[in-house]
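Participant: predicted structure and sequence below. I'll ask about it afterward.
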Amino acid sequence: MATDQTFPLDPPRPRALPVPPPIGETVVARWTLVAIAGLFLALVLVLPIAGVFTEGLRKGIWAYFKSFGDPDALASIQLTLLVAVISVPANLVFGVAASWAITKFDFPGKSLLITLIDLPFSVSPVVSGLVFVLLFGAQGLFGPFLAAHGLKVIFAVPGLVLATIFVTFPFVARELIPLMEAQGAADEEAALTLGASGWTIFRRVTLPNIKWGLLYGVLLCNARAMGEFGAVSVVSGHIRGLTNTMPLQVEILYNEYDFVGAFAMASILAGLALITLVLKTFLEWRFGDELAANRRH
Amino acid sequence: MSIATSSGRGGAGRRRLVHGVLPGFGLAMGWTVVWLSLIVLFPLVALAVKASGLGFGGFVKLLQDARVQAALELSFGAALIAALVNAVFGVLVAWVLTRYRFPGRALIDAAVDLPFALPTAVAGITLAALFAKTGWIGGLLAPLGIEVAYTRLGVVVALIFVGLPFVVRTVQPLLADLDREVEEAAATLGASRLTTVFRVLLPPLVPSILTGFTLAFARGVGEYGSIVFIAGNMPYLTEIAPLLIVIKLEEFDWVGATGIACVMLAISFSLLLVINLIQAHANRRS
Amino acid sequence: MEIRIRDLAKDFGDFPALFGVDLDIRSGELLALLGPSGSGKTTLLRILAGLEAPTWGRVFFGDEDASATSVRERRVGFVFQHYALFRHMTVADNIAFGLTVRPKAERPSRAEIARRVQELLDLVQLPDLARRYPSQLSGGQRQRVALARALAVEPRVLFLDEPFGALDAQVRKDLRKWLREIHDRTGYTTVFVTHDQDEALELADRVVVLNKGRIEQIGTPDEIYDAPASPFVFDFIGDASRIPVTVEHGGVVVDGRRLALPVEVLGQGAATLYVRPQHWTIGAPDAPGALAATVAGTRRHGVSRRLDTTLGDGRAVEIDVPPETRVAAGDRLSLLPTRWRLFFADGAAAAVAPVRDPGRVAAS
C-alpha cells in the first residue's frame, strides 16, 4: 500500500566506506603533475618577467626613470607608436576585406588563399626583413629608381612599416575567418532581403557580430607590431633617434652594456605584453563565445 | 558604398564560379588579392628570383660552406630539441590546466601565452641575464658545471621559451572536448589509469600534438631575437642561421644571404605542408 | 549476480540526487530504471557501476560489499548513452580492449582474444565489421559494438544507460527486440536506464519508477501500468484523465452526484480520480450514478477511436472506444470507470473495501 511516503531524514545513515575516487588520478599523482607543470611554468615564464623588472631597477628607481629622459629613447618610443599606428589599421582593413570575401562567398582557390594569408607566420622574421631589402635596398630591384628620385625605404620609416605589416599580416584575418565562417551568411542575407545596402549590412549586421573578435585580432596584431625585432632589425640600419624602434633600442643599449637603460626600455615592452595578456584574457572570459580563438587556437 | 553593391552583384552574376548573393565580393576580393600580392607574394617571389642568380652550383657551394652548415645545423637541431621538450611539457601543462582545478589555474592559463606577447628582444636579454653566471639561474647551475649562456644549450633554452605555447594551445581545446564517457568506459573494462591515459586518451591527441610540435619547430628554426643575446654568436659554434643572414647582409653578400633564406623558406614551407597533411588526415579520421 | 541496495543516497553539493533507495535486483532479470530527467536514474546506475561514489548507503554484489571496490574491480559491463567507443581503434580492437588491458598473467592468448572477438561480433550480428572504425558505423551498429565490448570481459552484471536514446525510432524498435533476445540467450543480470515508458514496459521483467531521487514504485510492467502506486506514476505512465472528487461516507462524489462504484472507499475529503482512456464504460445519457459528459470531438488513435469529452464543469476526459462505435461531436453520454485509482490530496492512495464483488482487487 502506497500510503505514508514522507521519508525520514533524521535517523543516522550508515556512512559509505571511504571509496577511492571512481575515475581519475590519485590525489598524489594529481598534485605531483600540478607541481611539475607549475615549476616548469615558473622557470620558463615567471622568472623572465621578474628578471626584466629586477634588472631595470637594479640601480634604483631614479636610474630607471632617468633612462627614459634620453632623447634617443623617447624617439624610439615615438617611432614604435608611429609604426604601429600605420601597420595595425592597414592589416585591420585587409583582414576584414579578406574575411568578407572568404567567408561570405564560395569560389575556387579559397583554401589556397587562406594558406597564402598565413604564409608570413612561417617565414623567419629575418627573412621577412630581407625580402624588403632585396626590393628596396641600394642593390635591390627598385634601388636605382628610389635613389634617382631621392626616396628612402630601407634604413627609413617606410621600410620599418613594410616589414611590420608583413610579419603581422595574418593576425586579424586569422581571427575573423573562423569566426565569420561559424556565423555563416544568413544574417547578412536576411538584411539583403530587407533592402539594406552592402555598406549598411556590414556596419549594422556583420560588425556587431564580429566586433570582439576584431578587437582580439587587433590586440594581438598590435602586440606583435610594437614588439617585432628581427624583421625591423634588418631594414632599420640602427640609426639612433631616427630608425630605432623600442626593441632595437633595447638591443643597442644592451650591447653598449647600459643594462639599466636596456632593461628599463624592455620593462615597458614587457608591461605592454602583460597588458595585452590581461585584455586578451578578459576578452576570452567575457566574450568567449564571440571569439574564434576559443574554438581553435 | 555603391561600388560594393554594383561590383558584387555583377561579379556573382557574370561568373558562375563565385557563389554568394551578398554584395561586396569584387571590392573585398580585389583588395585582398592586391594587398596580399604587394606585401607578401611579390617580395617572396623577388627573393626567389634573387636566389636564382646563385645558380645550382652556387647553392651547392653555399651549402658546403662549413660556417653555413654549422649555422643551419644549430638552428634545426636546437629547434628540434626544444620542440620535443615542449611537446612533452606542453601536453603535461595542457593536461593540468584542463583537468585539474587548483588556485592560480586561470593565472597560469593566461601566462602560457606570454611568449607570444613578449617581444623577442625582451625575452632575449632577460634570458641572457637569468642564465649568465651571475644570474639567478646561471648562478645555481654554474657550481654544477652547467653553462647555459653563450652556449648551444642557451639556444635551446631560448627556443623552449619561445615555443612553449604552441603545443599547449593546440592540445588544450581537444583535451577539453574529450568525452568523459570514454575514460569511464576504459575503467569499467578494467584498464588502469596509466593504461587509460596512454592507450585511450593520448592517441586521439597525437595529430594535434604533432601539429603543435611542428609549429614550435618551424618557429624555432626562424627565431632570431630571443636567441642572439643568449647565444654568444660564435661562428661555427653558436651562430644561428638567421644571424648568418644578417651578417652576410651587413657584408653586402646579398646573394649568400638570399641563398640561406631560400633554404630556410623551403624547409618552413615543407613544414607548413606537413601540418596541413596532418590536419587533413586527422579530419578524415573523425 | 544479485544486487542489493541499502538506504542509498547521493548529494551533488546541496542537491540530493538520490535518497532512501532500497532495491533488490534479482539474478538474471532484466530491470528498467524509468523516470523523467533529473529523477536520479542515471546516478543510481552509475553508483551501481562504481562510476560515482554514494554519499550514504551500501551496494552488495551477492554477499560482497561492493561499496568499497573501485569500478575496475567490480567487473561490470557498462554501455554508455553515446557509446563511448574508442575512435582511434577498430571495432575488433574496441571489443578486445577489456581483455588486452589485463595483467599478463590473466590475459588470454592473442588467438584466444581473436576468437572471443569474433564470437561476440557474431552475437551482435556484425560479423564482417571487425576492421572498421567507429566513425564508419551507423548509430545502431555502434551501439551493438559497445554492447559486445562490455560483454567481452564477461561481466557479473550488465548496465546500460539510455541504450537507445540517440537512435531513430525504427532502429530503436529493432534493437529493443534484439537486446531482449541477447539477454535471454546470455542470461546476464541486466539493468538499463530509460525515460521512455514504452521501452521500459516492453523490454523489462521489472520496472523501477524513479522521481526526484526516490523510488515511486517497483513492479512488473503489468503492475506498473495497471496499478500505479502514486499520482506521479499514473501521470508518467500511459494516458490518464484526472477528475477532482470528494470522498464522503465511503462513496466518491462528483458534482454532487455519487458514483455507482462496486466498492466502499475508506477515508474522507478531497481526492483525485485517475482513469485510463480504455477503462470506461459508456452508457445512455443521464444514467444514475454515472458522470455526464458531452462529446467534443473524435479522432483515430491507434487501434481504437478516442473521444474527447467534457464534463459538466468543462473538464476534459479522454475515452477510447472501438473504432466502429458511432458517436459524433455534440452527443451526450454517461461514463463510469471500470478500473481506477483514487489519491487523496497528500498523495496517499485511498484504500477500498469490497462491497459487492469481493474478488476485485483493482484498487488495492
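Facilitator: Cool, got the structure. Numbering: from 1, shown residues only, chains lettered A, B, ... in the order given.

Participant: name the SS class of whichever residue of the stretch 151-300 of chain C sits closest to chain A, please.
Facilitator: In the stretch 151-300 of chain C, the residue that lies nearest chain A is C:A229 (3.9 Å; CB to the nearest CB). Heads up, the C-betas are built off the backbone N, CA and C, glycines and all. Assigned by DSSP: H, G, I helix; E, B strand; the rest coil, the conformation of C:A229 is coil.

Participant: could you look up the SS state of C:A260?
Facilitator: Going by three-state DSSP: C:A260 is coil.

Participant: least trustworthy helix or strand in chain C by mean pLDDT?
Facilitator: Sorted by mean pLDDT, DSSP states H and E, the helices and strands of chain C end with strand C:352-354, the least confident at a mean of 74.

Participant: I figured the residue of the stretch 151-300 of chain C closest to chain A was touching C:A349, is that so?
Facilitator: Yes. Counting by CB atoms under 8 Å, C:A349 is a contact partner of C:A229 at 6.9 Å.

Participant: near chain A at all, stretch B:79-98?
Facilitator: Yes. Counting by CB under 8 Å from any CB of the partner chain, chain A is contacted by stretch B:79-98 at B:F89, B:L92, B:V93, B:W95, B:V96, B:L97.

Participant: what about the residues you listed, which are in helices?
Facilitator: Counting by DSSP state H, the part of the residues of stretch B:79-98 next to chain A found in helices is B:F89, B:L92, B:V93, B:W95, B:V96, B:L97.

Participant: which of those are buried, as a PyMOL select command?
Facilitator: The buried residues among these can be selected in PyMOL (16 or more other CB atoms under 10 Å in any protein chain shown) with this line:
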select buried, chain B and resi 89+92+93+95+96+97
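
Participant: between the ones in helices among the residues of stretch B:79-98 next to chain A, which is nearest chain C?
Facilitator: B:W95 (17.9 Å).

Participant: which non-adjacent residue is nearest that closest one?
Facilitator: Spatial nearest neighbour of B:W95, excluding adjacent residues (CB to CB, 6 or more residues apart in numbering or on different chains): B:L175 at 6.4 Å.

Participant: and that neighbour, how far is that from chain C?
Facilitator: 14 Å (CB to the nearest CB, to the nearest Å).

Participant: if we can go back for a sec, ok, the residue of the stretch 151-300 of chain C closest to chain A - how many residues close by?
Facilitator: Using other CB atoms under 10 Å in any protein chain shown, C:A229 has 22 neighbouring residues.

Participant: for chain A, what is the nearest residue in the stretch 151-286 of chain B?
Facilitator: Nearest to chain A, among the residues of the stretch 151-286 of chain B, is B:G222, at 2.7 Å (CB to the nearest CB).

Participant: my guess is that residue contacts B:L243. True?
Facilitator: No. Judged on CB under 8 Å, B:G222 makes no contact with B:L243 at a distance of 11.4 Å.

Participant: spit out the residues that contact those two alike.
Facilitator: Common contacts of B:G222 and B:L243 (CB atoms under 8 Å, 6 or more residues apart in numbering or on different chains): A:V126.

Participant: low pLDDT regions in the chain?
Facilitator: Using chain A. Filtered on pLDDT under 70, chain A yields the residue ranges A:1-23, A:292-297.

Participant: wait, chain C
Facilitator: Residues of chain C that meet the cut-off, pLDDT under 70, sit at C:354-364.

Participant: the helices in it, which residues?
Facilitator: Under DSSP H, chain C gives helices at C:41-49, C:71-74, C:91-100, C:110-123, C:139-152, C:169-186, C:197-203, C:221-226, C:231-236.

Participant: most proximal residue of the stretch 51-200 of chain A with respect to chain B?
Facilitator: For the stretch 51-200 of chain A, CB to the nearest CB, closest residue to chain B: A:S124, 2.7 Å.

Participant: neighbours of that residue, how many?
Facilitator: 27.

Participant: swap in the one 4 residues further on?
Facilitator: Neighbourhood size, A:S128 [other CB under 10 Å]: 28.

Participant: contact partners for it?
Facilitator: Contacts were defined as CB under 8 Å, 6+ apart; by that measure A:S128 touches A:P120, A:A163, A:F166, A:V167, A:G230, A:A231, A:V234.

Participant: regarding the last one, what is its secondary structure?
Facilitator: Three states are possible here, and by three-state DSSP the one that applies to A:V234 is helix.

Participant: return the distance of it relative to chain B.
Facilitator: 6 Å.
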